[in-house]
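Student: for reference, the sequence and a predicted model appear below.
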Amino acid sequence: MENLLNRTATHPPYLEALNPEQREAVFHTGNPLLILAGAGSGKTRVITTKIAYLIREKGVDPRSILAVTFTNRAAREMADRARLIDDRAAYTMLRTFHSFGAWFLRRNGSFAGLDSGFTIYDDEDMVSLLSLIMEKASKGEIKHIARSIARAKDYFLSPDDPHLSLIDYRKEFRRVYARYEERLAQIGNVDFGDLIKKPVEILRTQREVAGRFRDRFRVIMVDEYQDANIAQFELLKELCGPETYLCVVGDDDQSIYRFRGAEVRNILEFPDRFAGTDIIRLERNYRSIAPILNAASSVVNRNQGRLGKTLIAERGNGKKPVLAFLPNQDEEAVFCAKLIENSVHPPKGRGSEEGKKTGSRKTSYADWAVLYRTNAQSLGFETEFLRRHIPYRVVGSLKFYEREEIKDALALLSFLVNPKDEIAFRRVVNKPARGVGAATAGRIVENAAMDSQSMGNLSAAAQRLLPELSAKARSGLEAFLKAMESGRETLAPRSSKTSDGESGTETGGRAEEEKDTPKKPRRKSKKAAKTSPDQRDEGEKERETRKREGLNAGEGLSACVVRLIQNTGIAEYHLLHDEIAGNQRISNLQELANAASLYPATEAGLLEFLEHIELDRSLEYNPGGNSADLQDLVTLITLHNTKGLEFRRVIMTGIEQGVFPRDDKKGEELEEERRLFYVGATRAMDELYLCSSALRRLYGHTMPMQPSLFLYEIDKTGLRIIGTPPRGYITRESQSSRGGQKTEVPTGTWEIGNRIFHEDQGYGSVIEIRESAEGPVVQVRFDTGKELHFLGLRRNSRITKINACD
DNA sequence: TAATCGATCTTTTTT
DNA sequence: AGATCGATTA
């Protein structure tokens, strides 16, 4: 078949660019197709080309194509690239799994007792709801249960499922989960898991709905299939009828979301689940030079459970990856900064030579990415980069929306669209204090539940209860209700009974498409979650007073936001409540209002705004001036977030045992960490740097670190090693059987001559040891010449023994 | 009733 | 270091 395809006359240029395997994947029809696409093998190109090909060569209606991704970024990129080939691609439905689920439920949720005006609860809301159910439990327990419930939904397990104990074996789990579901149903909202689980349930029970969807989507494509969880697999199964063409793309070596319920099993067993599956492998890597690919592969090759594939480096040979041993995390940041500075502004004399090596291409900040395992690690790099004026952006899910004041404002908005939202109501009804305490709030909630008339409407219940309350509570509650009403007034009257009357008949079907397609209010609110400290100027003062008197209401929905946060007193509350950060909080609220201005001042617009916030919190901020023309930035990013991205030069940091991988990782979890390493390393096109520090501040203390297990799994001859390797690294064979072996420096015993590190004093040596009632006292002479005594066994000691490796 | 202090505990990844 | 919890205080 491949030969045949190759011989076929001339293809349009957009197809000419493909290699034979890619072309085969694009042309494939009929059976289900599994594309095993290694890192950098051009899978996005295949999917987007395939969409375009189906539309223009096969006459497929773009509206009958559904393409699902896992991240909003991937969805966006795919849409852009497909549209570039053929603008009709704009009419394909290209969404994340969760946004597709939300879209589905807005139209068909009534079959699950869901009103179209639902909002989506995030993890924090989940915890709030659970704490109402588990009154006596600690926050930790509640969080644990919340995780279990989320996981249960990932695995498509309901409270009555016999397999539930596989998720959480505790007896009460089933009961709590059931009550949680009940309560959530009463409120009329959904959590993340529901966005997948509920559509499956509806498709299974409503044959007519399932029929309509199968009718509509004749082609379904799934990107990053290795990240699909069981519930998502079930959703695909329900969407696929006998006529549906299903094509999934994935790479088992890049499965890094197991902790979130992703099942590699899905991809491994795909051919068994979908009869007659054809498999196409894309193994030509166009991104990285061979030495980088070798290093990445040699780590992931240690894994047991994988399909196994061999990537071919189409770009050929090049520079070996650099393995840098640094003394501590501050030096690590300095190392990165210098590396970047030197490449962007090469020291004179060496510049031309450097230029030859990397080709004539000029190096820019944007060529660089600094990768780390946990978000917290970004801080050190930010500090160092700020100091050196290295422009950077931080990519990650933004905590902006998790801030107290923002959550408060969102709760007000949520309560406006869904007056049954108990969580939102409880959050803001007594904020600021209005004399409506938890007891009164509880009464209102109960009353709303009892009374059949109000159908759980808390506003109505509150209104009704007013006469029975104490004078203080009454006036407070009245003020709250009035403030909510004032917010409602800013919204255009519900014109044509928006979308909630479509009980049943509505489908993913015909005419409502216009609003799903390209327009979408883009432009992100580029707000820094952290603000650079040196931002206070004189103009600030003036703005402050203006804010004190009233935030400026822009157009659209922002009027609603502003009205609510003013009239409820939430703005004032935060201003007065937090002496230090009050003003910051106000400007955060203003920022939220600005973001809202992009949406129409209608109930539908408000829903859209809320959904957008829940479903896409990815945001990046660059703390330097946010002048739009400053686009040449270094990228700071977690390993997880890099999937799908590529950079010319990548620095992977913190490759130490205990950080990456964490010490408690073993078995399947350790394999996932290896895959994470693989993902990170294969982002690099030209240059890869691996950093490992001897000391790291961790849990508030400076800890001695050992190189990551993964560094032992790479052949040393394939690396260029700089810095001082710890004892043992050079001599130890690269072997796989090193796992679990602990190599710590014992702190309990002290000898004269031991090298130590003190968090304030720096490095030093033990010069004397005495016994005391409280254990050994060590006398240390620091390299600065200073001498101090320490209790050698104190657990929270600020002094740390280190390997004398230099 | 709420704020505050100190002791104690837990440290990921994200739609 | 930061979050969280309990007890104590105003």
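Tutor: Thanks, I have it. Numbers count the residues shown, from 1 in each chain, chains lettered A, B, ... in the order given.

Student: distance of residue A:663 relative to DNA strand B?
Tutor: 10 Å (Cβ to the nearest atom of the strand, to the nearest Å). The C-beta positions use only the backbone N, C-alpha and C, and glycine is treated the same way.

Student: what is the burial count for the residue lying closest to that residue once chain neighbours are set aside?
Tutor: Closest residue to residue A:663 apart from its sequence neighbours, by Cβ to Cβ, 6 or more residues apart in numbering: residue A:657 at 6.7 Å. Using other Cβ atoms under 10 Å, the number of residues around residue A:657 comes to 22.

Student: then residue A:252?
Tutor: Neighbours of residue A:252 (other Cβ under 10 Å): 21.

Student: residues in contact with it?
Tutor: Going by Cβ atoms under 8 Å, 6 or more residues apart in numbering, residue A:252 touches A:36, A:226, A:264, A:267, A:268, A:306, A:307.

Student: number of nearby residues for the third one?
Tutor: Other residues within reach of residue A:264 by the criterion other Cβ under 10 Å amount to 24.

Student: could you do the last one as well?
Tutor: Residues contacting residue A:307 under the criterion other Cβ under 10 Å number 13.

Student: out of the contacts of residue A:252, who has the most neighbours?
Tutor: Most crowded among these, counting by other Cβ under 10 Å, is residue A:226 at 26 neighbours.

Student: picking up where we left off before, which ones among the contacts of residue A:252 lie within strands?
Tutor: Among these, the members found in strands (DSSP state E) are residue A:36.

Student: and after the lowest-mean-pLDDT helix or strand in chain A, which helix or strand comes next?
Tutor: When each helix and strand of chain A is scored by mean pLDDT, DSSP states H and E, helix A:538-549 comes last, with a mean of 38. As assigned by DSSP states H and E, the chain's next helix or strand after helix A:538-549 is helix A:558-567.

Student: alpha carbons only: can I get that following helix in PDB?
Tutor: Coordinates of each C-alpha in helix A:558-567 appear next as PDB, following Å, rounded to 0.1, in the frame of the first residue of the first chain:
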ATOM      1  CA  SER A 558     -17.200  43.800  33.400                       C
ATOM      2  CA  ALA A 559     -20.000  46.100  34.500                       C
ATOM      3  CA  CYS A 560     -21.600  43.200  36.200                       C
ATOM      4  CA  VAL A 561     -18.300  42.200  37.900                       C
ATOM      5  CA  VAL A 562     -17.700  45.700  39.100                       C
ATOM      6  CA  ARG A 563     -21.200  46.200  40.400                       C
ATOM      7  CA  LEU A 564     -21.100  43.000  42.300                       C
ATOM      8  CA  ILE A 565     -17.800  43.400  44.000                       C
ATOM      9  CA  GLN A 566     -18.700  47.000  44.900                       C
ATOM     10  CA  ASN A 567     -22.200  46.500  46.100                       C
END
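
Student: got the angle for the helix or strand following it vs helix A:558-567?
Tutor: Downstream of helix A:558-567, the first helix or strand assigned by DSSP H and E is helix A:570-577. Interaxial angle of helix A:570-577 relative to helix A:558-567 (axes from the mean of the first three to the mean of the last three Cα atoms, to 10 degrees): 50 degrees.

Student: not counting its own residues, what contacts helix A:570-577?
Tutor: Residues outside helix A:570-577 that contact it (Cβ under 8 Å, 6+ apart) are A:404-405, A:408-409, A:412, A:428, A:431-432, A:548, A:551, A:564-566, A:582-583, A:585-586, A:589.

Student: switch to 7 Å and redo it
Tutor: A:405, A:408-409, A:412, A:428, A:431-432, A:551, A:565, A:582, A:585-586, A:589 (Cβ atoms under 7 Å, 6 or more residues apart in numbering).

Student: what's around residue A:771, how many residues?
Tutor: Neighbour number of residue A:771 under other Cβ under 10 Å is 9.

Student: helix, strand or coil for it?
Tutor: Here residue A:771 is recorded as strand under DSSP: H, G, I helix; E, B strand; the rest coil.

Student: nearest residue to residue A:463 other than its sequence neighbours?
Tutor: In this structure, residue A:463 finds its nearest non-sequential neighbour in residue A:481, 6.4 Å apart by Cβ to Cβ, 6+ apart.

Student: do I have it right that that neighbour meets residue A:460?
Tutor: No: the pair residue A:481 / residue A:460 is not scored as a contact, 9.9 Å apart, by Cβ atoms under 7 Å.

Student: and residue A:330, how far from DNA strand B?
Tutor: Residue A:330 is 19 Å from DNA strand B, by Cβ to the nearest atom of the strand.

Student: rewinding a little: how about the contacts of residue A:252 in CSV, adding distance to DNA strand B and pLDDT?
Tutor: Putting those into CSV (distance: Cβ to the nearest atom of the strand, whole Å; pLDDT from 0 to 100) gives the following:
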residue, distance to DNA strand B, pLDDT
A:36, 22, 94
A:226, 14, 93
A:264, 14, 84
A:267, 18, 90
A:268, 20, 87
A:306, 18, 83
A:307, 22, 81
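
Student: okay, and which of the contacts of residue A:252 map to helices?
Tutor: Counting by DSSP state H, the part of those found in helices is A:264, A:267, A:268.

Student: next, residue A:432: phi, psi?
Tutor: Main-chain dihedrals, residue A:432, degrees, to the nearest 10: phi -70, psi 170.

Student: near DNA strand C, which of the ones in helices among the contacts of residue A:252 show up?
Tutor: Contacts with DNA strand C within those, as defined by Cβ under 7 Å from any atom of the strand: none are present.

Student: please enumerate the strands of the stretch 701-806 of chain A.
Tutor: Along the stretch 701-806 of chain A, counting by DSSP state E, counting those that start in this stretch, strands occupy A:701-704, A:720-723, A:755-758, A:762-772, A:775-782, A:787-791, A:799-801.

Student: among these, which comes closest to DNA strand B?
Tutor: Among the strands of the stretch 701-806 of chain A, the nearest to DNA strand B by Cβ to the nearest atom of the strand is strand A:701-704 (8.1 Å).

Student: can you list the strands that that closest one pairs with?
Tutor: Paired neighbours of strand A:701-704 in the sheet (DSSP bridges): strand A:684-698 (antiparallel).

Student: give the helix, strand or coil label for the closest residue to DNA strand B within the stretch 151-300 of chain A.
Tutor: Minimum separation of the stretch 151-300 of chain A from DNA strand B (Cβ to the nearest atom of the strand) falls at residue A:259, amounting to 3.4 Å. Three-state call for residue A:259 (three-state DSSP): helix.

Student: coming back round to it: want to throw the strands of the stretch 701-806 of chain A into a markdown table with distance to residue A:116 and mean pLDDT?
Tutor: A markdown table is the format used below for those (distance: least, Cβ to Cβ, whole Å; pLDDT from 0 to 100):
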| stretch | distance to residue A:116 | mean pLDDT |
| --- | --- | --- |
| strand A:701-704 | 52 | 82 |
| strand A:720-723 | 59 | 94 |
| strand A:755-758 | 60 | 72 |
| strand A:762-772 | 63 | 78 |
| strand A:775-782 | 67 | 77 |
| strand A:787-791 | 65 | 76 |
| strand A:799-801 | 58 | 65 |
